[in-house]
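[1] sequence first, predicted coordinates after that:
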Amino acid sequence: MSSDVTALRQALDRLPRLCLAQLPTPLQPALRLSKALGGPAIYFKRDDLTGMPLAGNKTRMFEFVLPRILSSGADCVVGGASIQSNYCRQLTAACTQVGLEVHLVLMPNPGLDDWLPQGNFLLDLLMGAHAYVVDVHEGKAVIEKMYRLADRLKAQGRRPFVARMANTDDIGLDAVAYVNCAIELRGQFEALGIEPDYLYLASADTTQGGLLLAAKALGETYRMVGVNPIDPSIFEAPVPELVASAANRAAGELELDLRITPDEVVNHGEYVGEGYSIPTPAGLDAIRLVARLEGILLDPVYSGKAMAGLIDHIRQGRLTPKDTVVFVHTGGFPALFAYHTHFDFQNQIIRGDL
């Protein structure tokens, strides 16, 4: 195993990298949550603590993507997603650290007051991003507007780099970041003396792809379970194909003679609810439970739905009290502030003098 870790580290070291994240992130037991669920021993991989403002999984990714952006000669970056996007918040933070101006094309979220700066949107603005809130509600329209904005910037003499969601060229590098995470996990497993049976996470492509590639390279025995938080109908291919593609593009970046096939990907789409960015009752319950038992904050878009999947699998008996599970916390909790109306705290608030 040690030689496999060394080979992966050497492959990672060949890639340009900019230090942004505080690594390794902790791997900590969730003793009270495990007891409350009457199920397996649960550990949290705290990638909500990667270091940049309120952190998350994308911080790892920008360590590898940002050098490519800088080498392109860009003087600004065009990004796009929903208005409470964790990706856009971490993109803005990363670009700010190297002096790149950020322009964000943002689509509104159902049921949110999108003109009120709060959550991730507030942080984007505080860090200097130029935000274009557009009245569209699907990804293809956002992509079209991102390229239109890039053309406008070029006409002004600027040199924009178009990032995701419009540009998928860097998906391999995004997944590479989670090859590095899997190496971290291997060291932490050995330090704690554990051998997990399962690894759960929210992912539709790169995070699971990178972890899966590294797990295969390292000969890991745990079963990896992804929970897709995005309506699969918007994808041009089934999610297992997207995860495998991301893994294989990472293998190409790292020059590894290793491939992942879609049948190796376990990814559940039944916990998304009504759609991307729309909270589910089970996801909100999972957020409350983890917050009150562990003091760890999940979000209603990604990690809350993934935890809802894990809890459901425990209650169905798919996991037993003898199992050990690692939950990869991919971050996202700044969005909680924008979704505050989905929680009712009236029975906890006592008005009046004491």
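    Good, I have the coordinates.
[2] give me the contact list for stretch 149-167.
    65, 69, 72-81, 87, 91, 100, 103, 105, 132, 139, 142-143, 146-147, 170-171 (CB atoms under 8 Å, 6 or more residues apart in numbering). To be clear about C-beta, it is placed using only N, CA and C from the backbone, and glycine gets the same treatment.
[3] how long is that stretch end to end?
    14 Å (CA to CA, to the nearest Å).
[4] just give the closest residue to Leu218, not the sequence neighbours.
    Closest residue to Leu218 apart from its sequence neighbours, by CB to CB, 6 or more residues apart in numbering: Asp4 at 5.1 Å.
[5] how far away is that neighbour from Ala214?
    Asp4 sits 9 Å away from Ala214, taking CB to CB, to the nearest Å as the criterion.
[6] the two: which has the busier surroundings?
    Each of Asp4 and Ala214 has its neighbours counted (other CB atoms under 10 Å); Ala214 has more, 30 against 15.
[7] show me the contacts for the more buried one.
    8, 178-183, 220.
[8] those residues: which two are farthest apart?
    The span of the contacts of Ala214, defined through CB to CB, is set by Asn180 and Glu220 at 14.6 Å.
[9] now Val78: phi and psi?
    Main-chain dihedrals, Val78, degrees, to the nearest 10: phi -110, psi 120.
[10] give me the number of residues near it?
    28.
[11] helices or strands next to the helix or strand hosting Phe327 in the packing?
    For Phe327, the host element (DSSP states H and E) is strand 324-329. Identification of packing neighbours for strand 324-329 by 3 or more CB pairs under 8 Å, 6 or more residues apart in numbering; DSSP states H and E yields strand 41-46, strand 198-202, helix 303-316.
[12] remind me which residues of the stretch 51-200 of the chain are low pLDDT?
    Applying pLDDT under 70 to the stretch 51-200 of the chain flags residues 111, 113-114.
[13] so Ala7 is in which element?
    helix 2-13.
[14] setting the sequence-adjacent residues aside, check what's closest to Gln188.
    That would be Leu27: by CB to CB, 6+ apart, it lies 4.2 Å from Gln188.
[15] quick one: pLDDT of that neighbour?
    We have a pLDDT of 98 for Leu27.
[16] who does it bridge with?
    Counting by DSSP bridges, Leu27 forms beta bridges with Lys45.
[17] that one against Asp47, yeah?
    No: in this structure, Leu27 is not within contact of Asp47 by CB atoms under 8 Å, at 10.2 Å.
[18] what about those two, which has more around it?
    Asp47 (28 against 20).
[19] for Glu294, see how far away Lys140 is.
    39 Å.
[20] looking at these two, which is more packed in?
    Neighbour count, other CB under 10 Å: between Lys140 and Glu294, Glu294 has more, with 19 against 11.
[21] so Tyr200 sits against Val326, correct?
    Yes: judged on CB under 8 Å, Tyr200 makes contact with Val326 at a distance of 7.3 Å.
[22] how close does the closest residue to Ala202 other than its chain neighbours get to Leu201?
    Spatial nearest neighbour of Ala202, chain neighbours left out: Ala306 (3.7 Å); criterion: CB to CB, 6+ apart. Counting by CB to CB, the gap from Ala306 to Leu201 is 6 Å.
[23] chain center to the helix ranked longest in the chain: distance?
    Ranked by number of residues, the top helix in the chain under DSSP state H is helix 171-192. In terms of CA atoms, centre = their mean, to the nearest Å, the centre of helix 171-192 is set 14 Å apart from its chain centre.
[24] that helix versus strand 198-202: what angle between them?
    Here the directions of helix 171-192 and strand 198-202 differ by 140 degrees (axes from the mean of the first three to the mean of the last three CA atoms, to 10 degrees).
[25] distance check, Gly283 against Gly309.
    Applying CB to CB to Gly283 and Gly309 gives a distance of 9 Å.
[26] shared neighbours of the two, which are they?
    Joint contacts of Gly283 and Gly309 (CB under 8 Å, 6+ apart) are Tyr271.
[27] returning to that earlier point: give me the subset of the contacts of stretch 149-167 that lies in strands.
    Secondary structure defined by DSSP state E assigns 76-81, 103, 105, 132 of the contacts of stretch 149-167 to strands.
[28] most neighbours among those, which one?
    Neighbour-wise, the ones in strands among the contacts of stretch 149-167 (other CB under 10 Å) top out at Gly80, 30 neighbours.
[29] hmm, that residue is touching Cys88, no?
    Yes: counting by CB under 8 Å, Cys88 is a contact partner of Gly80 at 7.5 Å.
[30] mutual contacts of the two, please.
    Shared contacts of Gly80 and Cys88, counting by CB under 8 Å, 6+ apart, come down to 104, 106.
[31] ok, now which ones touch Glu184?
    23-25.
[32] can you do 6 Å?
    Residues near Glu184 by CB atoms under 6 Å, 6 or more residues apart in numbering: Pro24.
[33] now swap in Met127 and tell me
    Contacts of Met127 (CB under 6 Å, 6+ apart): 92-93, 96.
[34] hey, what's the closest residue to Ala150 other than its chain neighbours bridged with?
    In space, and not counting its chain neighbours, Ala150 is closest to Pro160: 4.5 Å by CB to CB, 6+ apart. Using DSSP bridges, the bridge partners assigned to Pro160 are Cys76.
[35] and the residue nearest to Gln188, how far is that from Ile42?
    The value you get for Leu27 to Ile42, if CB to CB is used, is 11 Å.
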